[in-house]
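Asker: need the 3D shape of this:
(2 chains)
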Amino acid sequence: KAGVTQTPRYLIKTRGQQVTLSCSPISGHRSVSWYQQTPGQGLQFLFEYFSETQRNKGNFPGRFSGRQFSNSRSEMNVSTLELGDSALYLCASSPDRGRAEKLFFGSGTQLSVL
Amino acid sequence: AQKITQTQPGMFVQEKEAVTLDCTYDTSDPSYGLFWYKQPSSGEMIFLIYQGSYDQQNATEGRYSLNFQKARKSANLVISASQLGDSAMYFCAMRELSSGNTGKLIFGQGTTLQVKP
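Answerer: A predicted model of the protein is given here:
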């Protein structure tokens, strides 16, 4: 079974641009979550999608958005990029069968904003 | 407020020895789950072990065990017989279960473990 796939692996953008990151969850997993990882702030929850609906959101500005498609694939978008958006963006999926369910993570997209 | 604290930024351990990574947590939710993840330099987060707040016994998964002390709100990870491949960043995380949302984990700042040959 293929793991969580994130594309692209690396991305370089300039301030003011926008970016879209993609995540393909493990087959059969309906929940997809996104996290931002920086050296200063650590791992922070961005949002979670389930059955094409956002069901939980972290404390990030509206420039960060996401969506989920009917095949559970998810994208996140960051508009008007700032230098502080440079981070590793991790996607995680789970079958969402129970509260003890572990999250399966992808290798992340490393975003650098210049 | 929900919070995970890992007080050891970096740790060294000799190969084949045991090591304990500390984790304390804070939550007002009576039902919660605690996770440990390993992050090698490749970036992918690898699940190691899970402990539910109502579990009576400490969780074990191979060389990993979780020393769960509910009254102290601590969930320390014990790695026995360390291997060179254990060198990585280790994260403690918590999920508050009453919300029903499985995708949100609160992470600690992590501990970098280096295993010496």
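Asker: pull the number of nearby residues for the residue in chain B positioned nearest to chain A.
Answerer: The minimum distance from chain B to chain A, using CB to the nearest CB, falls at residue B:103 (3.2 Å). In this view, the C-beta of every residue, glycine as well, is placed from N, C-alpha and C. A count of nearby residues for residue B:103, using other CB atoms under 10 Å in any protein chain shown, gives 24.
Asker: and it, what does it touch?
Answerer: Residue B:103 is in contact with A:31-33, A:45, A:48-50, A:55-56, A:92, A:94, A:96, A:103, counting by CB atoms under 8 Å, 6 or more residues apart in numbering or on different chains.
Asker: which ones among the residues you listed also lie next to chain B?
Answerer: On the criterion CB under 8 Å from any CB of the partner chain, A:31-33, A:45, A:48-50, A:55-56, A:92, A:94, A:96, A:103 are the entries of those that sit beside chain B.
Asker: farthest-apart pair in those residues, please.
Answerer: For those, with distances taken as CB to CB, the pair at the greatest spread is A:45 and A:96 (15.7 Å).
Asker: tell me the pLDDT of the closest residue to residue B:96 other than its chain neighbours.
Answerer: If the residues on either side of it in the chain are set aside, residue B:96 comes closest to residue B:29, at 4.0 Å by CB to CB, 6 or more residues apart in numbering or on different chains. Among the per-residue scores, residue B:29 holds a pLDDT of 90.
Asker: so residue B:29, which state does it fall into?
Answerer: Going by DSSP: H, G, I helix; E, B strand; the rest coil, the secondary structure assigned to residue B:29 is coil.
Asker: how close does it sit to residue B:104?
Answerer: The gap separating residue B:29 from residue B:104 is 12 Å, by CB to CB, to the nearest Å.
Asker: more neighbours, the two?
Answerer: Ranked by neighbour count (other CB under 10 Å), residue B:29 and residue B:104 place residue B:104 first, with 22 against 13.
Asker: look up how far residue B:55 lies from that one.
Answerer: With distances taken as CB to CB, residue B:104 is found 20 Å from residue B:55.
Asker: wait, doesn't residue A:105 sit right on residue B:44?
Answerer: Yes. Residue A:105 is within contact range of residue B:44, at 5.7 Å (criterion: CB atoms under 8 Å).
Asker: which of the two has more neighbours?
Answerer: residue A:105 (22 against 18).
Asker: apart from its chain neighbours, what residue comes closest to the more buried one?
Answerer: Setting aside the residues directly before and after it, residue A:105 is nearest to residue B:45 in space (CB to CB, 6+ apart), at 3.7 Å.
Asker: residue 93: how many residues sit nearby?
Answerer: All of this is about chain A. By the measure other CB under 10 Å, the count of residues near residue A:93 is 28.
Asker: my question was about chain B, not that one.
Answerer: Counted with other CB under 10 Å, the neighbours of residue B:93 add up to 24.
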